[in-house]
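Enquirer: quick one: sequence plus predicted model below, questions after.
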Amino acid sequence: MSRFSKSLLALALAGLAGSVSAFDNYKGLGRPATEAEIKAWDIDVRPDFKGLPKGAGSVDLGAEVFEARCASCHGSFGESNEVFTPLVGGTTQDDIKTGRVQSLRDGSAPQRTTLMKVATISTLFDYINRAMPWTEPKSLKPNEVYGILAYLLHLAEIVPADFELSDRNIAEVQKRMPNRNGMTTDHGMWPGKGLGNGGKPDVKNVACMRHCKKEVQLVSSLPDYAADAHGNLAEQNREVGQARGKVTGAKSEAKAAEPLSESARLSQLANTSGCMACHGVNGKIVGPGFNEVMAKYKGQAEAETQLAHKVKAGGAGVWGSVPMPPHPQLSDADAAALVKWILSGAPAK
Amino acid sequence: MANPMKIRAASKDGVTEVKVLMSHEMETGQRKDSSGNLVPAHFITELTATWNGKTVLEAQFGPAVSKNPYLAFKFKGGAKGDKVVVSWKDNKGDSRTDEAAIA
């Protein structure tokens, strides 16, 4: 478990003790975790060995347990390349001295083994203790984990054959880990050049230790014209969870509230009243296209009033057998305006 | 002198299983280094395993065997505490002999 989750737990516990009021809104829901529950959950071992259980295991004990529980996947010597890459191999006595694994740099090992890569012995202990064996995680006793770890370290020639690893000498062994100085954070998520940004860190946020600014100063922001490029961001985020979209696009909404130009209003009206379902702007769909209507009635003085009446009352026969349904919901003024708009050829614009 | 082999031998139902992990470069002689020169061949040619002085396995290795070879085999017989001795020779005349007690 990471340091992060542990501090989260501490925070949660502090919250429990400090502010009971936080639970007042949820009476009868949940209960504080018991000490035993937390103990069962809080099993992580940190690089400074905080959380390391007391115990000891010899190489011989480890060899026995490894053969019984681990060897079927990892091979008797941790050499198996069948399930995952080998656990052991690729490290030399020189690496143990320098703390940097040479074969990682020159690529002389066929593949990266666990002991080539891992920098902290606590990681190995934690992982074996937490996740192994694959089929029965957390079934190993602390002494067995110490033993398995001692056996692996012996295979890598980090400790002698008669070594007994324990919570007292594990810090000494850490000083012999082949890649103890090999851990870096100064690289991208994809370290190589093929993917990503060529191995540069994705972010570089160095904590300020002195002469720090006291206030946050905004030095740049999105220009107004770009702020609503994607609509109102606040509406595009879920209402639950931590992420909240900034309210953007307020200005354009204000514009939308302003009265539309007459032709835009009529175009919208034609859409909402259902005209566009049957009439195309430039051709027949079910009824005649607006351009055909315009051509037919062009120059006829009474056409406007006749057609306005027809829009409201419905009609049939002029353009074929399909009748035009009545539209009584339109006001007289709107019907007249629509007809005028159609006959003036506006829809095509 | 090459690094020691790792040997485990376990007897069960009258059959002994021996597992050996050798530490050897096993260069094929076909590879070129970064400056384009051939890397000279260096591989194990002969391997012998004995149990209480009796030969139980003889093998001839070649350049097709991988680096740091792993070998497992079984033979009939063997009791707890008996000695299994494995030795190899390579094409440069180097050799190595290691032993383990049957568990």
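Expert: Now that the structure is in, tell me what you want to look at.

Enquirer: which non-adjacent residue is nearest residue 55?
Expert: Because you didn't say which chain, this covers chain A. The shortest distance from A:Gly55 to any non-neighbouring residue, by C-beta to C-beta, 6 or more residues apart in numbering or on different chains, is to A:Pro142 (3.9 Å). For the C-beta atoms, the positions are set from N, CA and C on the backbone; glycine is no exception.

Enquirer: hmm, no, I was thinking of chain B.
Expert: Distance criterion C-beta to C-beta, 6+ apart; nearest residue to B:Thr55, sequence neighbours excluded, is B:Thr48 at 6.2 Å.

Enquirer: who touches that neighbour in this structure?
Expert: Each residue near B:Thr48 by C-beta atoms under 8 Å, 6 or more residues apart in numbering or on different chains is listed here: B:55, B:57-59, B:86-88.

Enquirer: repeat for A:Pro223
Expert: So A:Pro223 contacts nothing (C-beta under 8 Å, 6+ apart).

Enquirer: quick one: it from A:Ala234, how far?
Expert: 19 Å (C-beta to C-beta, to the nearest Å).

Enquirer: swap in A:Gly90?
Expert: 53 Å.

Enquirer: those two - which one has more neighbours?
Expert: More crowded of A:Gly90 and A:Ala234, by other C-beta atoms under 10 Å in any protein chain shown: A:Gly90, with 25 against 14.

Enquirer: work out for me the element A:Met116 sits within.
Expert: Element membership of A:Met116, judged by DSSP states H and E, is helix A:114-117.

Enquirer: likewise for A:Leu153?
Expert: helix A:142-155.

Enquirer: by contact count, what packs against that helix?
Expert: Counting contacts by 3 or more C-beta pairs under 8 Å, 6 or more residues apart in numbering or on different chains; DSSP states H and E, helix A:142-155 is packed against strand A:56-58, helix A:59-65, helix A:121-131, strand A:164-166.

Enquirer: now these in JSON lines, with mean neighbour count, distance to A:Gln174 and mean pLDDT?
Expert: Formatted as JSON lines, the helices and strands packed on helix A:142-155 follow (neighbours: other C-beta atoms under 10 Å in any protein chain shown; distance: least, C-beta to C-beta, whole Å; pLDDT from 0 to 100):
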{"stretch": "strand A:56-58", "mean neighbour count": "20", "distance to A:Gln174": "16", "mean pLDDT": "91"}
{"stretch": "helix A:59-65", "mean neighbour count": "21", "distance to A:Gln174": "17", "mean pLDDT": "89"}
{"stretch": "helix A:121-131", "mean neighbour count": "19", "distance to A:Gln174": "5", "mean pLDDT": "92"}
{"stretch": "strand A:164-166", "mean neighbour count": "21", "distance to A:Gln174": "11", "mean pLDDT": "89"}
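
Enquirer: which one, of those, ends up nearest to chain B?
Expert: Among the helices and strands packed on helix A:142-155, helix A:59-65 comes nearest to chain B, with 7.8 Å by C-beta to the nearest C-beta.
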